[in-house]
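Peer 1: only the shape, not the letters, is given here:
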């Protein structure tokens, strides 16, 4: 009698479990998506692929090559080549190896020029390790065209700055030459030689 009671109790428990399973199968909203064909919205604060913003007003990238992002990066994934110096300085090469990146956001927080941002792009998979290395043309907003415009703007600004310095030095030299050839005024109360 005891075994019959246990059998009936087990069978009713089985039916209760199956009713829960069937109700979830039929009544519950489906949340699974067929990924490559359907995509879910990513949270706005998601840390994805990096981008170097292009400033349309100045016709250049915001990056000045200060290397603060390199110093802040704990895994050393950023390399850059500085182009020029001073207020017109910029970069001629910038690479990020996202295969080693932790997406920690420290490079963005360290940048005082808002020259690097993270997007919500997350499809970064590849079959080769070198696909994880993103050059400047892949990271710059606007691609190769914005990189070319950036280089032209920086080169022109550096050339104008050098010409202005040369003109100022020439003017200073001419003023010094005129001052050297000018007659010396007579001292007060004395005779001039």
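Peer 2: Structure's in. What do you need? From a predicted model like this one, the values you see are computed outputs, not experimental measurements.

Peer 1: when you work out contacts or count neighbours from here on, use the C-alpha atoms and nothing else.
Peer 2: Noted.

Peer 1: give me the sheet partners of the longest strand seen in the chain and which way each runs.
Peer 2: Ranked by residue count, the top strand of the chain under DSSP state E comes out as strand 90-97. Take DSSP bridges as the rule and strand 90-97 pairs in its sheet with strand 78-83 (antiparallel), strand 133-134 (antiparallel).

Peer 1: downstream neighbour of that strand in the secondary structure list?
Peer 2: Sequence-wise, the next helix or strand downstream of strand 90-97 (DSSP states H and E) is helix 106-110.

Peer 1: quick check: buried residues in that next one?
Peer 2: If you call a residue buried by 16 or more other C-alpha atoms under 10 Å, then helix 106-110 has these buried ones: 106-108, 110.

Peer 1: so what's the gap between it and the chain middle?
Peer 2: For helix 106-110, the separation from the chain centroid amounts to 9 Å (computed by C-alpha atoms, centre = their mean, to the nearest Å).

Peer 1: what's the closest non-adjacent residue to the residue nearest the centre of the chain?
Peer 2: Per C-alpha atoms, centre = their mean, the C-alpha nearest to the average position across the chain is that of residue 116, at 2.4 Å. Using C-alpha to C-alpha, 6 or more residues apart in numbering and skipping the chain neighbours, the partner closest in space to residue 116 is residue 52 (4.7 Å).

Peer 1: same deal with residue 118?
Peer 2: Leaving aside its chain neighbours, residue 118 sits nearest to residue 50 (4.4 Å; criterion: C-alpha to C-alpha, 6+ apart).

Peer 1: wait, that neighbour touches residue 139, no?
Peer 2: Yes - counting by C-alpha atoms under 8 Å, residue 139 is a contact partner of residue 50 at 6.4 Å.

Peer 1: anything in contact with each of these two?
Peer 2: Common contact partners of residue 50 and residue 139 (C-alpha atoms under 8 Å, 6 or more residues apart in numbering): none.

Peer 1: give me the below-cutoff pLDDT ranges for the chain.
Peer 2: By pLDDT under 70, the weakly predicted segments of the chain are 182-187, 189-193.

Peer 1: show me what the helix ranked longest in it packs onto, helices and strands only.
Peer 2: The residue-count maximum for a helix in the chain (DSSP state H) belongs to helix 143-181. When contacts are defined as 3 or more C-alpha pairs under 8 Å, 6 or more residues apart in numbering; DSSP states H and E, helix 143-181 packs onto strand 60-61, helix 136-139.

Peer 1: contacting residues around the longest one?
Peer 2: I take that to be helix 136-139. By C-alpha under 8 Å, 6+ apart, helix 136-139 touches 50-52, 93-95, 143-144, 147.

Peer 1: now rank those by neighbours and give me the top one.
Peer 2: Within these, neighbour counts (other C-alpha atoms under 10 Å) peak at residue 147, which reaches 24 neighbours.

Peer 1: show me the contacts for that one.
Peer 2: Contacts of residue 147 (C-alpha under 8 Å, 6+ apart): 60-61, 136-137, 140.

Peer 1: using JSON lines, please lay out these together with neighbour count.
Peer 2: Compiled in JSON lines, these are given as follows (neighbours: other C-alpha atoms under 10 Å):
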{"residue": "60", "neighbour count": "21"}
{"residue": "61", "neighbour count": "24"}
{"residue": "136", "neighbour count": "19"}
{"residue": "137", "neighbour count": "18"}
{"residue": "140", "neighbour count": "23"}
